[in-house]
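1. The sequence and its predicted three-dimensional model are supplied below.
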Amino acid sequence: MSEPAPGLYERPTLISHLTGHQRIFAQGAYKAVRDLQFAPVACEEGFGMARFYPLCWRRSGGAPVLGVLRSLLPGGLGHPADVPTQESALPLLLQCFPIILPDAEAIARQQLHFDDVIADRPSDVGAPLLMADGHLSRAALIRARRAVGLAHALNDSAALSRDIDAAGLLEPWTLDFEIGDGRRVRIDDLQVVSAARLHHPELAEIIAAHGAMAGLCLSLHRASLFRVNALLQAARRQAAALPDSGPGEALAS
């Protein structure tokens, strides 16, 4: 199994004849999907995600991870109002949920795992993981195929991120905003490609080594950063709806 977003999965469970009766639901029915603040993405997702969220990096285990910042606030609060609610607007990692992203060992063994958690906001009756004949249901199969494809794509994106980091092209992107009623939000563990290094020869060499998709992703990355304004507006709307706070209360860090 692979966990690109620490804490996303609570109860990883092997899909087998013993667990195939478990039902899966629309992604938004799961708290983990609604709450995930920073979602890792592959370069191939850049075009779709940059319309809605800032593309940036966050370190995990010492390595930079490309992802999207979905909200300035934790706990599923403060999502931009102009982001569509349909499945296609979710990062692929969350489109797969509750199917767990497989690692190389799971792929080699042809094993699939799912997160055996309760869907606390179901909007339909769901679908079983396995049909009576032992095959994956259509809903499970679609998510499983996405998960396997994403696992490979994230490896490619990780290689690009490592090269950018090794070249010293990343710089801190600290977000610190006043959101009303004495509340502030601060996120200080994000990184972006330095604007001063965009025309550095080493960046051109990295793009040439990783292909046109890498170049497009990096262009979209810089253009997407303005979406932090939509996150800020959403955070301020959310703060206005919360009970009064004391001065200087921080809602996120």
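-> Perfect, I can see it now. As the structure is a computational prediction, the values presented were derived from the model and not from experiment. Residues are numbered from 1 along each chain as shown.

2. just checking, what packs against the single longest helix found in the chain?
-> Using DSSP state H, we find that the single longest helix of the chain is helix 138-166. Counting contacts by 3 or more CB pairs under 8 Å, 6 or more residues apart in numbering; DSSP states H and E, helix 138-166 is packed against strand 23-24, strand 63-69, helix 92-96, strand 127-128, helix 201-210, helix 212-224. For every residue, glycine as well, the C-beta is placed using N, CA and C.

3. Check which residues of the helix or strand just after that helix are buried.
-> Proceeding C-terminally, helix 138-166 gives way to strand 170-172 as the next helix or strand, assigned by DSSP states H and E. With burial defined by 16 or more other CB atoms under 10 Å, the residues of strand 170-172 counted as buried are residue 170.

4. For the helix or strand following strand 170-172, which helices and strands make contact with it?
-> Using DSSP H and E, the helix or strand that follows strand 170-172 in sequence is strand 175-180. Contacts defined by 3+ CB pairs under 8 Å, 6+ apart place strand 175-180 against strand 183-187, helix 228-241.

5. Now with 10 Å, please.
-> strand 183-187, helix 228-241, strand 250-252 (3 or more CB pairs under 10 Å, 6 or more residues apart in numbering; DSSP states H and E).

6. which residues does residue 56 contact?
-> Residues near residue 56 by CB atoms under 10 Å, 6 or more residues apart in numbering: 38, 64-69, 170, 173, 175, 187, 190-193, 221, 224-225, 228.

7. try 8 Å
-> With contact set as CB atoms under 8 Å, 6 or more residues apart in numbering, residue 56 has these partners: 66-69, 173, 190-192, 221, 225.

8. mind giving me JSON lines with the helices and strands packed on helix 138-166 and columns for mean neighbour count, distance to residue 140 and mean pLDDT?
-> Below are the helices and strands packed on helix 138-166 laid out as JSON lines (neighbours: other CB atoms under 10 Å; distance: least, CB to CB, whole Å; pLDDT from 0 to 100):
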{"stretch": "strand 23-24", "mean neighbour count": "18", "distance to residue 140": "6", "mean pLDDT": "98"}
{"stretch": "strand 63-69", "mean neighbour count": "22", "distance to residue 140": "25", "mean pLDDT": "97"}
{"stretch": "helix 92-96", "mean neighbour count": "22", "distance to residue 140": "10", "mean pLDDT": "98"}
{"stretch": "strand 127-128", "mean neighbour count": "16", "distance to residue 140": "7", "mean pLDDT": "97"}
{"stretch": "helix 201-210", "mean neighbour count": "14", "distance to residue 140": "32", "mean pLDDT": "95"}
{"stretch": "helix 212-224", "mean neighbour count": "18", "distance to residue 140": "29", "mean pLDDT": "95"}
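
9. Where does the spatially most central residue of the chain sit: helix, strand or coil?
-> By CA atoms, centre = their mean, the mean C-alpha position of the chain lies nearest to residue 39, the distance being 1.5 Å. Classification of residue 39 using DSSP: H, G, I helix; E, B strand; the rest coil returns strand.

10. Next up, the contacts around it.
-> Contacts for residue 39 (CB under 8 Å, 6+ apart) come out as 5, 67-68, 70, 91, 93-94.
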